[in-house]
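Asks: Pasting the sequence and the predicted coordinates here, then a few questions.
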Amino acid sequence: MTRSIRALLDRDDILVSPGVYDGYSARLAQAAGFSLVSSTGAGLANARWGLPDLGLVSLRDNLEACRMIARTVDVPVSADAEAGYGNAATVHHVVQEFEATGVSAVSIEDQVLPKRCGHLAGKDVVPLAEMVGKIRAAVAARRDRDFMIVARTDAIAVEGIEATVERVRAYEAAGADAIFPDAVRGRDDIVAIVGAVRVPVRINMGFGIRTRDTTPLMSIPALKALGVRWVSLSRMLPAAAIKGMTEALTVMREAMMREEVVERADLVVDMKAISELMGYASYMDVERAFLPAADLERRYGGDRRGGKT
């Protein structure tokens, strides 16, 4: 898969990667036709462990989640490696561990540990020289030259745009394959960063979610016109899931004391849709190919297809 992101960037004017955090979200993004997905550190912390995105998820937990996502889909995956879990020597190890999960890229940010969600107040960044060392270590660590190192910077909120431009130039010189400035404040920031580097620039968009004093919402064509090559929709799927589950739970709570059966097909998908999304049919194909006929007869009777819901 590692060649796929580079190939996609060479082929397409702009890439859009939904932020995924579990099997459902990863499969849904692929089924919707997206050619690339990104793990979302905030989504993993919130959904899988019930924690705020404040650097509380361990490296091992992150690796296991990304291994599951990469195994689940056929499209390439970009992983969120947070701030690299330490210094440059740590980053060297971390990159090799992420590459072994089957993902095609990692983003590493320049926040001080413990890091936090890029759209929260109270961030701080490491010195420029320290982050350059991390990028150089990441580039040296990868085994496949097509495995991409994405350098994320949170410096805009801390040091301003001029210092951020200096940083992204240094990150590119250190070998970063793409630049990911988070919490950009608008068009002028994007223009300055795109103009400062030759590698692709990746921008995070909220798709309907905007936190105060951070990135304003912009359309994909507008971002493309500014020279952006990669757009992440990190919060879209977690936020949509929260809204959908909240609505279903509210309806169920209100209906609990009623005598009539509550059926709200507008709020849920049926078992057939879940089975198709999760690939139950392929498992049944393996059963038919390798289980004894008597076993199939015992399990399914006259219906050898199996797995009917």
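Replies: Noted; the coordinates are in hand.
Asks: For stretch 56-68, buried residues please.
Replies: For stretch 56-68, a neighbour-count test (16 or more other CB atoms under 10 Å) marks 57, 59, 62-63, 65-68 as buried. C-beta coordinates here come from the backbone N, C-alpha and C atoms, glycine included.
Asks: what sits up against that stretch?
Replies: 21-23, 39, 41, 44-45, 48-49, 51, 77, 79-82, 85, 94, 97-98, 101-103, 114 (CB atoms under 8 Å, 6 or more residues apart in numbering).
Asks: hmm, back to that, for the buried residues of stretch 56-68, work out which two are farthest apart.
Replies: Within the buried residues of stretch 56-68, 59 and 68 form the most distant pair, 15.2 Å apart (CB to CB).
Asks: Am I right that residue 136 is in a helix?
Replies: Yes - counting by DSSP: H, G, I helix; E, B strand; the rest coil, residue 136 is found in a helix.
Asks: Make 773 the first number, not 1, from now on.
Replies: From this message on, residue numbering opens at 773, which makes the last subject residue 908.
Asks: Please report how far it lies from residue 948.
Replies: Relative to residue 948, residue 908 is positioned 10 Å away (CB to CB, to the nearest Å).
Asks: hmm, back to that, please indicate which of the contacts of stretch 828-840 are buried?
Replies: For those, buried by 16+ other CB under 10 Å: 793-794, 811, 813, 816-817, 820, 849, 851-854, 857, 866, 869-870, 873-875.
Asks: Helices - which of these land there?
Replies: 813, 866, 869-870 (DSSP state H).
Asks: can you name the two of those that are farthest apart?
Replies: Farthest pair in these, by CB to CB: 813 and 869, 15.5 Å.
Asks: distance of residue 923 from residue 822?
Replies: Applying CB to CB, the value for residue 923 to residue 822 is 30 Å.
Asks: Between those two, which is the more surrounded one?
Replies: residue 923 (29 against 7; other CB atoms under 10 Å).
Asks: what about the more buried one, which SS state?
Replies: Relying on three-state DSSP, one would call residue 923 strand.
Asks: Kindly state the beta-bridge partners for it.
Replies: Beta-bridge partners for residue 923, by DSSP bridges, are residue 880, residue 951.
Asks: Which parts of the stretch 873-1022 of the chain are strands?
Replies: Applying DSSP state E, counting those that start in this stretch to the stretch 873-1022 of the chain gives strands spanning 877-881, 920-925, 950-953, 974-976, 1002-1005.
Asks: Save those strands as a markdown table, and put in mean pLDDT and distance to residue 1032 too.
Replies: As requested, the strands of the stretch 873-1022 of the chain are exported to a markdown table (pLDDT from 0 to 100; distance: least, CB to CB, whole Å):
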| stretch | mean pLDDT | distance to residue 1032 |
| --- | --- | --- |
| strand 877-881 | 98 | 50 |
| strand 920-925 | 98 | 52 |
| strand 950-953 | 98 | 52 |
| strand 974-976 | 96 | 45 |
| strand 1002-1005 | 96 | 39 |
